[in-house]
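Colleague: what shape does this take:
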Amino acid sequence: MTTRFHAMKPGYFLRTFLLPFVILIIGTDGATAQTYDIVVRGGRVMDPETGFDKIANVGISGQTILAITESDLKGRKVIDARGLVVAPGFIDLHAHGQTNLENSLQVQDGVTTALELEIGKYPVDHFYDVREGKALINYGHSVSHIWGRADALYPDEHMLENPGPILVRAAHHSAEEDDRQNILSSMESSLAQGAIGIGFGIEYTPAVGREEVYRIFQLAAKHGAPVFVHPRRGREGDPASGSNLQQMQEVIANAAATGVGLHICHLPSSAIQDTAITLELIDEARAHGVDVTTEAYPYTAGSTILISALFDAGWRERLGGVDYSDVVWTATGERLTEKTFHAYRKHAMETDDPANVIIHFVPEDAMRMAINHPDVIIASDGMTIRNNNEHPRGTGTYARVLGRFVREEGAMSMMAALRKMTILPAQRLESYAPAMRNKGRVKVGADADLTLIDPKRVIDRATYKDPMVPSDGFPYVLVNGVVVVENGTLQEGVFPGKAIKGKGLAVLAQ
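Modeller: Just a heads-up that it's a prediction; the model follows:
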């Protein structure tokens, strides 16, 4: 079943249908007389916010787009974009890898902003501080409910020194009333530090009660902050857990009751066989005014860490009937057996080794249904790189959509795909993260985060066997007006990425 989200933001009709050409400056003296830092010349400029789609020149000074015109522009540096699409830089809402190692592969996949919003970070200010002035691309994160919860439950333990065992204990620790108040306090103080909302991995914390989740939704709503949720997981016929659809209904009901902005992470891998009806549920919720969005990545395998509660007893049934052989141990690339599964998990628990694995369990039709849905955001869920055998989604998600779904299969237009990679994620965040109002767009006044695409060549090259191979077909990528990829080559010694933060203290001070 194909569904479409009907609820649109205020001004959508005006922006989309009446103003497709307002960003074009046609040969004005001011635009053509000055010399820009960078001119992107002769590319097909595509702006998904307005629908603008013309051959034009783009003038950039500092980090800002100052001109878009069919007239010639003078620049200290000129990029020949003939035959290329000039698009907004891609915005990845779900990127666990938050170092320059992961960023170096992300930016070669067209990504200019990569955010960790599902699991988030904790403490928030620490993770912002360690990246300031050192990032290839724009970065940011939500506050982690999982980590903040563990800190509230075990305040005397050193979270950053030995996180694995603490997180496992906290995942199975029910919270009493005093505990819940401490958790709320840790979430609120983290919003004050600039977190971009609250990130939930509810499946990874099976002891978390529904009241705890609801109270945190209320807290987020109080401050106008969005929530990013990996829902619980259930299975049909299990009255103790319910179906995956019921777990989606929990968070959508919370959003409807509180008015909070809700983003559901990696829909196909959360809903599995319930993907079609969950898309219908989201569509109807939006039609009735609930602020809910979702995302997908173009692969039929997921990835997580072996010590997580996802692999507690009953995991094969919860994941739709998978077996041990559907799990790949990324350290060696081997498929697991029952014996090696238990041995590796025990070792990981004892040594605090996160132990990444890849799980082949997402139905092909569910993945395609979500990717092809016009209002489902593209997000990678790229993992932190701990060895050279991680999931290829952190390397090739965006090129895979553009090369396979757009060019090879014709499943969607270039503009439709770009919309899912740029303006939709920007709009998801911009009411709470003001910097996003100038991201995801190619228009005068916007930040010069630009991805230049060769539509005839763009393709992912990362595979499950060789996942660290960069994508092809992004000859130039600019971040805040700085060229980070030039002629297909990653540039050394440039760190133009800036922090994306929530309103923080401005909200809390009201």
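Colleague: low-confidence ranges, this structure, go.
Modeller: 1-30, 159-162, 235-242, 505-510 (pLDDT under 70).
Colleague: for it, longest strand please?
Modeller: Ranked by residue count and defined by DSSP state E, the top strand of the chain is strand 35-47.
Colleague: buried by neighbour count: which residues of that one qualify?
Modeller: 36-47 (16 or more other Cβ atoms under 10 Å). Placement of C-beta: from N, CA and C, glycine included.
Colleague: also stretch 251-265?
Modeller: Across stretch 251-265, burial judged by 16+ other Cβ under 10 Å covers 251-252, 254-256, 258, 260-265.
Colleague: now these in a markdown table, with distance to Leu281?
Modeller: Formatted as a markdown table, those follow (distance: Cβ to Cβ, whole Å):
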| residue | distance to Leu281 |
| --- | --- |
| Val251 | 11 |
| Ile252 | 7 |
| Asn254 | 14 |
| Ala255 | 12 |
| Ala256 | 11 |
| Thr258 | 18 |
| Val260 | 17 |
| Gly261 | 17 |
| Leu262 | 12 |
| His263 | 15 |
| Ile264 | 10 |
| Cys265 | 16 |
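Colleague: which of those residues sits closest to Asp326?
Modeller: Distance to Asp326 across those (Cβ to Cβ) is lowest for Cys265, with 20.8 Å.
Colleague: for stretch 105-113, the distance to its chain's centre please.
Modeller: 12 Å (Cα atoms, centre = their mean, to the nearest Å).
Colleague: list the buried residues of it.
Modeller: With burial defined by 16+ other Cβ under 10 Å, the residues of stretch 105-113 counted as buried are 105-113.
Colleague: among those residues, name the ones in strands.
Modeller: Short answer: those in strands (DSSP E) are 111-113.
Colleague: got the contact list for the spatially most central residue of the chain?
Modeller: Centroid-nearest residue in the chain: Leu93, 1.9 Å away (criterion: Cα atoms, centre = their mean). By Cβ atoms under 8 Å, 6 or more residues apart in numbering, the contact set of Leu93 is 115, 117, 228, 263, 295, 377, 379, 425, 428-429.
Colleague: for Phe127, same thing?
Modeller: Residues in contact with Phe127 (Cβ under 8 Å, 6+ apart) are 98, 121, 141.
Colleague: neighbours around the second one, how many?
Modeller: Here the neighbour count serves as a burial measure; for Lys121 (other Cβ atoms under 10 Å) it reads 23.
Colleague: just checking, it touches Ile146?
Modeller: No - contact criterion Cβ atoms under 8 Å: Lys121 and Ile146 do not qualify, at 10.4 Å.
Colleague: mind saving the C-alpha coords of stretch 447-457 as CSV?
Modeller: The C-alpha coordinates for stretch 447-457 follow below in CSV (Å, rounded to 0.1, in the frame of the first residue of the first chain):
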residue,chain,number,x,y,z
ASP,A,447,24.6,28.5,4.1
ALA,A,448,26.9,27.3,1.4
ASP,A,449,26.5,23.6,2.2
LEU,A,450,26.5,22.3,-1.4
THR,A,451,26.8,18.8,-2.9
LEU,A,452,27.6,18.6,-6.6
ILE,A,453,26.3,15.4,-8.2
ASP,A,454,27.2,13.7,-11.4
PRO,A,455,23.8,12.2,-12.2
LYS,A,456,25.2,9.8,-14.8
ARG,A,457,27.8,8.4,-12.5
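Colleague: list the contacts of it.
Modeller: 38, 40, 43, 58, 60, 63-65, 79, 81, 83-90, 110-113, 138, 402, 406-407, 414, 438-439, 442, 472-481.
Colleague: can we see that at 6 Å?
Modeller: Outside stretch 447-457, the residues within contact range by Cβ atoms under 6 Å, 6 or more residues apart in numbering are 60, 63, 65, 81, 84-87, 89, 110, 112, 438-439, 473, 475-481.
Colleague: that older thread, and which of the contacts of Phe127 is nearest to Pro155?
Modeller: Of all the contacts of Phe127, Lys121 has the smallest distance to Pro155: 18.1 Å, by Cβ to Cβ.
Colleague: mind listing the residues bridging to the closest one?
Modeller: In this entry, Lys121 is beta-bridged to Val143, by DSSP bridges.
Colleague: relative to Gly314, how far out is it?
Modeller: For Lys121, the distance to Gly314 equals 30 Å [Cβ to Cβ, to the nearest Å].
Colleague: again, but for Thr99
Modeller: Distance of Thr99 to Gly314, given as Cβ to Cβ: 34 Å.
Colleague: do Lys420 as well
Modeller: In terms of Cβ to Cβ, Lys420 sits 34 Å off from Gly314.
Colleague: likewise for Tyr36?
Modeller: Going from Tyr36 to Gly314 by Cβ to Cβ gives 60 Å.
Colleague: picking up where we left off before, which residues sit against the next helix or strand after the longest strand of the chain?
Modeller: Counting by DSSP states H and E, the next helix or strand C-terminal to strand 35-47 is strand 52-61. For strand 52-61, the surrounding residues in contact (Cβ under 6 Å, 6+ apart) are 20, 23, 36-41, 44-46, 66-70, 73, 448, 481.
Colleague: which strands and helices lie in contact with the following helix or strand past strand 52-61?
Modeller: Next helix or strand after strand 52-61 toward the C-terminus (DSSP H and E): strand 64-69. Strand 64-69 sits against strand 52-61, with contacts defined as 3 or more Cβ pairs under 6 Å, 6 or more residues apart in numbering; DSSP states H and E.
Colleague: mind listing what's buried along the strand it packs on?
Modeller: 52-54, 56-61.
Colleague: which neighbouring elements make contact with the helix or strand in which Arg76 is found?
Modeller: Under the criterion of DSSP H and E, Arg76 resides in strand 74-80. The contact analysis (3+ Cβ pairs under 6 Å, 6+ apart) places strand 74-80 against strand 35-47.
Colleague: share the number of residues neighbouring Ala175, please.
Modeller: Residues within reach of Ala175, counting by other Cβ under 10 Å, total 21.
Colleague: helix, strand, or coil at the closest residue to it other than its chain neighbours?
Modeller: Spatial nearest neighbour of Ala175, chain neighbours left out: Glu212 (5.6 Å); criterion: Cβ to Cβ, 6 or more residues apart in numbering. Three-state call for Glu212 (DSSP: H, G, I helix; E, B strand; the rest coil): helix.
Colleague: the longest strand of the chain pairs with which strands?
Modeller: Using DSSP bridges, the strands paired with strand 35-47 are strand 52-61 (antiparallel), strand 74-80 (parallel), strand 85-88 (parallel).
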